[in-house]
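S.K.: Quick one: sequence and predicted model below, then my questions.
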Amino acid sequence: MTQATARSRSLMLHLLAWALGALVLVWASFIVVGFKTGIHEADELTDGHLASVVHLLLRQHEGKFDAGGPGVRESEAAALAALKSHDYQQSMSVVVWSASGEVVTHTGEAPLPAFTPAEGFADLSLGTPPMPWRTFSRWDPNDRSRKVMVLLSVRERDELAEDIAEQMAQPGFWLLPVVALALGWAIRRGLNPLRDLSRDVSGLDVHENKLLSTQSHREFKPVVDSINTLIQRQHAVLVRERELSSEMAHELRTPLASLSLHTGLLRSARNDAEREQALARIEHDARRANQVMSHLLALARASRTEMAEAAQPLDLLEIARQVVGDYAQLALESGHDLALVGESPFVLTGHAVLLELGLRNLIENALSHTPRGTLVEVQLDPAARWLQVCDSGQAGETPPGAPGLSLGLGLGHRVVDKIAAIHNARFAAAPPSAGFGSCYRISFGGG
C-alpha cells in the first residue's frame with residue numbers, strides 16, 4: 001500500500017460524519033430547548049400552586065360554619081375571584097366534616113358534596129348542571145374526628161395538562177424542517193469531493209494526456225484509475241492514428257506524384273515502348289494509391305467499430321472458415337494453395353468484423369507477396385490462444401511477372417497490429433515451422 005493510499009479517507013465516513021454532526025447539533029439544540037422549557041414549566045406550575053394556596057387561604061374565612069362566624073359579602077367574593085391571575089393557578093376547594101358528618105368548613109367554588117365515610121381519590125359529578133370534579137379525602141389519623149376533602153375541577157385540570165403538553169411539544173413542530181435543512185446542508189457539504197471530481201473530469205483533454213490527480217477518498221480510487229486508464233488508451237490510439245495517418249499520407253503522396261509525372265510522359269512518348277512503360281508505371285502507382293486508400297478505410301472502420309460496438313463472444317474458427325472460403329477462388333486464380341488448420345472451437349470475446357478484417361489483410365499479404373505454387377495456411381491453436389498465417393515462400397522472393405502485386409508498403413500489417421491492440425492481443429512475426437518461410441501471428445493473452 002502506497003503512502004497516498006494509506007492517507008486516503010472514506011467518502012462514506014466523510015458523508016456520515018457531516019450528517020451525524022448536523023443531527024447531533026440539532027438534537028443537542030432541542031435537548032437544551034426542551035430542558036429549559038421543562039424547567040420553565042415546572043417553575044410556572046410551582047408558582048401556580050403557590051397562587052392556588054394563597055387564593056384558598058384568603059377565602060378560607062368565607063366557609064366558616066361557626067354560628068358567630070362572619071359571612072362573605074358579594075363585593076368580597078368578587079374581589080377574591082379577581083385574585084386568580086396565574087395561568088397555572090387552579091381553583092381548589094376544601095370541605096371539612098366532623099365525625100358525625102356535619103360540615104365544619106367549606107371553602108372554594110366546588111358545590112358541597114355528600115358526606116361518605118370512604119376516603120382516597122374519587123371522581124364526582126356536582127352542581128347543576130353536573131360538572132366533573134377530582135377529589136381526594138382523608139380522615140384525621142389521630143382520632144378520626146375530622147374528615148378533609150380537597151376538590152379540583154376536571155375541566156381546569158385538563159386545560160392545564162393541554163397547556164403543558166403544548167409547551168413541551170412545540171419544539172417538535174420545528175424538528176422536521178430543521179433536521180431537513182441541517183441534513184441538506186451536511187449532505188451538500190459532504191458531496192463536495194464528488195463535485196470536485198466532476199469538475200476535474202470535465203476539464204480533461206485527451207490530446208494532452210493529462211491524468212486525474214489522486215483523490216483523497218478511497219471510493220473514488222477505482223473510478224479515477226479507470227478514467228486514467230481510458231485516457232491513456234485513448235491517447236495511445238490518437239498517437240497511433242496520427243502516426244499512421246502521417247505515414248499513409250506520405251505513401252499516398254508518392255504514387256499520386258508519380259501518376260502525375262508518368263501521365264505527362266505518356267503524352268510525350270516517342271514510341272510504343274516508352275508508352276507501354278509509362279502505362280505500366282501508371283497502373284502500378286494506381287494500385288499503390290488504391291491499396292493505401294483501402295488501408296485508410298480499414299483503419300477508419302476499425303476505429304469506428306472499437307468505439308461504437310461492444311465486444312461479443314465469438315468463435316474464431318468459424319470466422320477463419322468463412323474468410324478462407326471467400327479467398328479460395330482468388331487463390332486458385334493466382335496459383336496458390338490456401339488451407340485452414342484447426343478443428344477445435346476457438347472462443348473469445350471480441351469484434352467479429354475487426355477480426356475478419358485483420359485475417360483478410362494477412363491472407364491478402366501472403367497471396368500478393370508470394371509466387372505461384374506457394375502454400376498459404378491459416379493455423380489456429382485454441383489451447384495456446386493464437387492465430388497465424390504462414391506461407392511457404394522464401395524471404396525476398398517476389399511474384400515473377402506481376403510487379404503490381406508486391407508494393408512492399410507493410411500497411412496491411414499496421415492495420416492488423418491496430419486490430420490486435422483493440423483486442424488486447426499482440427501481433428508479430430513468429431518462427432516458421434518446417435516447410436514454411438514466414439509466419440505472422442496474433443496472440444490473444446498468452447500466445
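M.R.: Everything's here; your move.

S.K.: Which parts of the stretch 1-150 of the chain are helices?
M.R.: Using DSSP state H, counting those that start in this stretch, the helices found in the stretch 1-150 of the chain span residues 3-7, 11-58, 74-81.

S.K.: Same question for the stretch 301-447 of the chain.
M.R.: Under DSSP H, counting those that start in this stretch, the stretch 301-447 of the chain gives helices at 316-326, 328-334, 352-368, 411-422.

S.K.: quick one, domains of the chain?
M.R.: What automatic domain parsing lists as the domains of the chain is 30-173, 197-308, 309-447.

S.K.: out of these, deepest packed?
M.R.: domain 309-447 (a mean of 17; mean count of other CB atoms under 10 Å). Where you see a C-beta, it was placed from the backbone N, CA and C, and this is true even at glycine.

S.K.: for that domain, what is the average pLDDT?
M.R.: Mean per-residue pLDDT for domain 309-447: 83.

S.K.: picking that back up, ok, which of the domains of the chain comes nearest residue 13?
M.R.: domain 197-308 (9.0 Å; CB to CB).

S.K.: Would you mind saying which of the helices of the stretch 301-447 of the chain lies nearest residue 200?
M.R.: Nearest of the helices of the stretch 301-447 of the chain (CB to CB): helix 411-422, 27.7 Å.

S.K.: could you say what helices and strands the closest one packs with?
M.R.: helix 221-267, helix 272-308, helix 352-368, strand 426-430, strand 438-443 (3 or more CB pairs under 8 Å, 6 or more residues apart in numbering; DSSP states H and E).

S.K.: would you list those in JSON lines and tack on distance to residue 183?
M.R.: Formatted as JSON lines, the helices and strands packed on helix 411-422 follow (distance: least, CB to CB, whole Å):
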{"stretch": "helix 221-267", "distance to residue 183": "25"}
{"stretch": "helix 272-308", "distance to residue 183": "42"}
{"stretch": "helix 352-368", "distance to residue 183": "51"}
{"stretch": "strand 426-430", "distance to residue 183": "54"}
{"stretch": "strand 438-443", "distance to residue 183": "56"}
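
S.K.: Which of those has the lowest mean pLDDT?
M.R.: Ranked by mean pLDDT, the helices and strands packed on helix 411-422 bottom out at helix 272-308, which scores a mean of 71.

S.K.: can you list the helices of the stretch 301-447 of the chain in TSV and add distance to residue 174?
M.R.: Shown next, in TSV, are these (distance: least, CB to CB, whole Å):
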stretch	distance to residue 174
helix 316-326	69
helix 328-334	85
helix 352-368	65
helix 411-422	61
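
S.K.: Tell me which of those sits nearest to residue 284.
M.R.: helix 352-368 (13.0 Å).

S.K.: before we move on, back to that, same list, the domains of the chain, but as JSON lines with distance to residue 180 please.
M.R.: Shown next, in JSON lines, are the domains of the chain (distance: least, CB to CB, whole Å):
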{"stretch": "domain 30-173", "distance to residue 180": "13"}
{"stretch": "domain 197-308", "distance to residue 180": "25"}
{"stretch": "domain 309-447", "distance to residue 180": "43"}
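
S.K.: who touches residue 441 in this structure?
M.R.: Each residue near residue 441 by CB atoms under 8 Å, 6 or more residues apart in numbering is listed here: 386, 387, 388, 427, 428, 429, 430, 447.
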